[in-house]
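Peer 1: Test case, fold it:
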Amino acid sequence: MEGTSKRFNPRAFTAVVIAFSGLGLPLTGLANHLYGFAPPSIARHAWMSAHNCLGLLFAGFAVGHVVLNRRALSKYFWDRGAPVPALGREAALAAALVASLLLLFVGHAFHAGG
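Peer 2: Coordinates of the predicted model:
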């Protein structure tokens with residue numbers, strides 16, 4: 001690899017930021033949840049700040065990912081010969097997983113009486 005320099009790849013960069021921030025979100029979210037019952041402290045504020053930062057990075061770069069891959073995404077949704085966008089098995093399963101987990105976690109809040 002001597003003397004060869006690769007160009008910066010914004011798609012790869014975006015994917016890696018999404019991956020790193022996405023991996024950190026559950027950890028910081030759990031810590032934030034556990035510290036949520038404690039009185040205000042530096043540790044509680046630090047975990048909350050870390051979670052907020054990772055959430056903003058994840059959301060912002062997810063939008064960037066869609067923008068960078070708009071042609072492929074457009075082809076996936078519109079070029080299937082159907083008059084309306086058709087969801088593939090992967091998209092349908094992803095939607096079902098997200099909806100199920102969202103209902104489970106939101107239902108937990110109602111069950112807890114909060």
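
Peer 1: Could I get the contacting residues of residue 44?
Peer 2: 32, 35-36, 38 (C-beta atoms under 8 Å, 6 or more residues apart in numbering). Backbone N, C-alpha and C define where each C-beta goes, glycine included.

Peer 1: What segments of the protein are helices?
Peer 2: Under the criterion DSSP state H, the chain contains helices at 10-35, 42-68, 70-78, 89-112.

Peer 1: okay if I get those helices as a markdown table plus mean pLDDT?
Peer 2: Converted to a markdown table, the helices of the chain look like this (pLDDT from 0 to 100):
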| stretch | mean pLDDT |
| --- | --- |
| helix 10-35 | 93 |
| helix 42-68 | 94 |
| helix 70-78 | 80 |
| helix 89-112 | 81 |
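
Peer 1: still on that earlier bit, right, and the pair among the contacts of residue 44 with maximum separation?
Peer 2: Using C-beta to C-beta, those span at most 10.7 Å, a distance reached by 32 and 38.

Peer 1: who has more neighbours, these two?
Peer 2: residue 32 (18 against 9; other C-beta atoms under 10 Å).

Peer 1: circling back to that earlier point, closest to residue 88 out of the contacts of residue 44?
Peer 2: Nearest member of the contacts of residue 44 to residue 88, counting by C-beta to C-beta, is residue 32, at 34.3 Å.

Peer 1: From residue 110, how far out is that closest one?
Peer 2: Residue 32 is 20 Å from residue 110, where distance means C-beta to C-beta, to the nearest Å.

Peer 1: how much space between residue 55 and residue 94?
Peer 2: 19 Å.
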